[in-house]
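Student: Sharing a model that was predicted from the sequence below.
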Amino acid sequence: MRLAIDSLPRECVLSGGTLVDPASKRQGPGEVWLRDGILVEVCFGKPSSAPADVERVGCTGLHIVPGFVDPHVHFREPGHEYKEDIESGSRAAAAGGFTGVLMMPNTAPPLDNAGAVQAVLRRGRDVGLCDVHTSGTLTRGRAGQELAEYEDLRLAGVRALTDDGSPVENTALMRHALEHAAMLGLVVIAHSEEKSLSLGRHMHEGYWSTQLGIPGIPAACEEIGVARDVLLARETGAALHVAHVSTRGAVDILRLAKREWKVDVSAEATPHHLELTDRELVGYSANFKMNPPLRSESDRQAVLEGVVDGTLDMIATDHAPHAADEKDLEIDRAPVGVIGLETAFAVAHMALVSSGRLPLVELIGRMSLAPARRFGLDGGLLEAGAPANLACLDLDERWRVAADTLFSRSKNSPFLGRTLRGRVVATVHRGRLAHRAPLPVETLSRVG
């Protein structure tokens, strides 16, 4: 099913679809009335009260959900715009159903000062395809030596602090960072890694690393880092968010921290860690090289379990674009990271909902409401007065991931050539049509 129009009127009603509201856990037929970028009325099981002359947009066969919010993207601007910039990244986000994203600050130069943060936020507003937010660095220049100016970063508009891509190796400095962030009410996003166990290594340590002759990164590399950061958060009372969880042990530590220690900690899983394992490296393709690496089947199952039971609160893509000539190298020379915005919903839906592990309304919550609440962003709400940020989904459409159909400037997806089920056919950002799936046109079209 496709959207047959190039724009939405200032005021309209989306009708004939199935509404999914993660806040109330409601799901069913209904209508959404939007005007001037705001949801005027959301009606389950009955027509809206919009006047008869308000234009209707038929959505038969589609699910209408709050736009997704990605708490972990790399848009590479400033410094590496040849890989991705805020405009191309925003287009990829909109194509994936995302109406809000949180950029990581490992740009060149890093976002460690108010001026750099404000420039990124202005650029995001100018592009206007999704809400572009950013985090600031934990340390100056991401060098791990001294803290950045957190109050300046907070006033400039950052929503979190992180040196993502690198752990803060000095434990005393990390403790100091958590103390200062807690005083300012800022969440710290931890890239939890014991670098001495990962240096010079390129995939998960296990059966396949031995078979392929590739130096492996043990699960303990991540688990030691998670344990340290959780213990520091417990001691300081800081709000901690653990990025890209990939191992069984890390899930177990987080479950203990939440249920027994009552630490203020949240965590994310990526679609690629939900669906893929280290066996993918058999072909030596660097499109399967990321940090943390793809893990064993046992680890994958644990990550799935962690999402289902709420230990891992949200889905994040860790969208990390790299140019083709950078990825088309030997495993030991290629950079880590893969793109994921445009395939995120389909992969997560197949891994969690189609498999019977998780209801659709819970997945939508993990991809919208949970990250929005954690980082204080607009999103996840299907209620009157909320911004008109929506995604329209065809749960049954099968589509093949191809480089020439991706909006991201880089094409380093681990799902290239695969057929996925479930597709975002339209994204509405603050009442404007930010994305529509390409033709052929089928049933999402204007009526009367």
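Tutor: That came through fine. Numbering: from 1, shown residues only.

Student: Distance check, E41 against A434.
Tutor: 22 Å (C-beta to C-beta, to the nearest Å). Any C-beta I mention is one placed from the backbone N, CA and C, and that applies to glycine too.

Student: With neighbour numbers in mind, choose between these two.
Tutor: Using other C-beta atoms under 10 Å as the criterion, E41 and A434 rank with A434 on top: 26 against 18.

Student: Could you list which residues are in contact with R295?
Tutor: Contacts for R295 (C-beta atoms under 8 Å, 6 or more residues apart in numbering) come out as 204, 206, 219, 246-247, 273, 277-278, 303.

Student: pretty sure A190 contacts S166?
Tutor: No. If you go by C-beta atoms under 8 Å, A190 and S166 don't touch, sitting 11.1 Å apart.

Student: These two: which is more packed in?
Tutor: Using other C-beta under 10 Å, the more surrounded residue of A190 and S166 is A190, with 28 against 18.

Student: residue contacts, that one?
Tutor: Counting by C-beta under 8 Å, 6+ apart, A190 makes contact with 162, 167, 225-226, 229, 240-243.

Student: Phi first, then psi, for C221.
Tutor: Per-residue torsions, C221: phi -60, psi -50 (degrees, to the nearest 10).

Student: same deal with the one 4 residues further on?
Tutor: G225 adopts backbone torsions of phi -60, psi -40, taken as degrees, to the nearest 10.

Student: how close does it sit to V245?
Tutor: Distance from G225 to V245, by C-beta to C-beta: 11 Å.

Student: likewise V65?
Tutor: Taking C-beta to C-beta as the measure, V65 falls 24 Å from V245.

Student: Where does pLDDT dip in the stretch 1-150 of the chain?
Tutor: 1-5 (pLDDT under 70).

Student: so what's the nearest residue to R400 once chain neighbours are set aside up against?
Tutor: The shortest distance from R400 to any non-neighbouring residue, by C-beta to C-beta, 6 or more residues apart in numbering, is to T419 (5.0 Å). T419 sits next to 398-401 when contact means C-beta under 8 Å, 6+ apart.

Student: do S354 as well
Tutor: When contacts are counted by C-beta under 8 Å, 6+ apart, S354 touches 421-422.

Student: For G417, pull up the helix or strand it's in.
Tutor: Using DSSP states H and E, no element contains G417; it sits outside every helix and strand.

Student: Equivalent analysis for W33, please.
Tutor: Using DSSP H and E, W33 falls in strand 26-35.

Student: Tell me the buried residues in that strand?
Tutor: Going by neighbour count (16 or more other C-beta atoms under 10 Å), the buried part of strand 26-35 is 27, 30-35.

Student: repeat for stretch 183-201
Tutor: For stretch 183-201, by 16+ other C-beta under 10 Å, it's 186-194, 197-198, 201.

Student: How about stretch 297-311?
Tutor: 299-300, 302-304, 306-307, 311.

Student: contact partners of it?
Tutor: 204, 219, 245-248, 251-252, 254-255, 258, 267, 269, 273-277, 295, 312, 315, 351-352, 357-358, 366.

Student: domain parsing for the protein?
Tutor: The record's domain parsing of the chain by automatic domain parsing lists 11-65+385-447, 80-373.

Student: how many neighbours does the closest residue to G337 other than its chain neighbours have?
Tutor: In this structure, G337 finds its nearest non-sequential neighbour in A320, 2.8 Å apart by C-beta to C-beta, 6+ apart. Applying other C-beta under 10 Å, we find 25 residues neighbouring A320.

Student: just wondering, since we're on A320, how far is it from P47?
Tutor: 45 Å.

Student: Which parts of the stretch 251-400 of the chain are helices?
Tutor: Using DSSP state H, counting those that start in this stretch, the helices of the stretch 251-400 of the chain run over 271-275, 297-308, 324-327, 344-348, 360-367, 369-375.

Student: angle of the longest one against helix 360-367?
Tutor: Inter-element angle recorded for helix 297-308 and helix 360-367: 100 degrees (by axes from the mean of the first three to the mean of the last three C-alpha atoms, to 10 degrees).

Student: Flag the shaky bits of the stretch 301-448 of the chain, pLDDT-wise.
Tutor: Looking along the stretch 301-448 of the chain with the criterion set at pLDDT under 70, you get 439-448.

Student: if you set the cut-off to 90 instead, what comes out?
Tutor: 438-448 (pLDDT under 90).

Student: Show me where it has its strands.
Tutor: 314-315, 390-400, 419-429, 432-436, 445-447 (DSSP state E, counting those that start in this stretch).

Student: Can you spell out which helices and strands pack onto the first one?
Tutor: With contacts defined as 3 or more C-beta pairs under 8 Å, 6 or more residues apart in numbering; DSSP states H and E, the packing partners of strand 314-315 are strand 265-269, helix 360-367, helix 369-375.

Student: Among the ones you listed, which comes closest to V424?
Tutor: Closest to V424 of the helices and strands packed on strand 314-315, according to C-beta to C-beta: helix 360-367, at 11.0 Å.

Student: what does that closest one contact?
Tutor: With contacts defined as C-beta under 8 Å, 6+ apart, helix 360-367 is touched by 20-23, 25-27, 63, 65-66, 68-69, 307, 313-315, 344-345, 348-349, 352-353, 358, 380, 395.

Student: just so I know, which of the helices of the stretch 251-400 of the chain lies nearest T107?
Tutor: Going by C-beta to C-beta, the one of the helices of the stretch 251-400 of the chain nearest T107 is helix 324-327, 16.4 Å.

Student: in that closest one, what counts as buried?
Tutor: Those buried within helix 324-327 under the rule 16+ other C-beta under 10 Å are 326-327.
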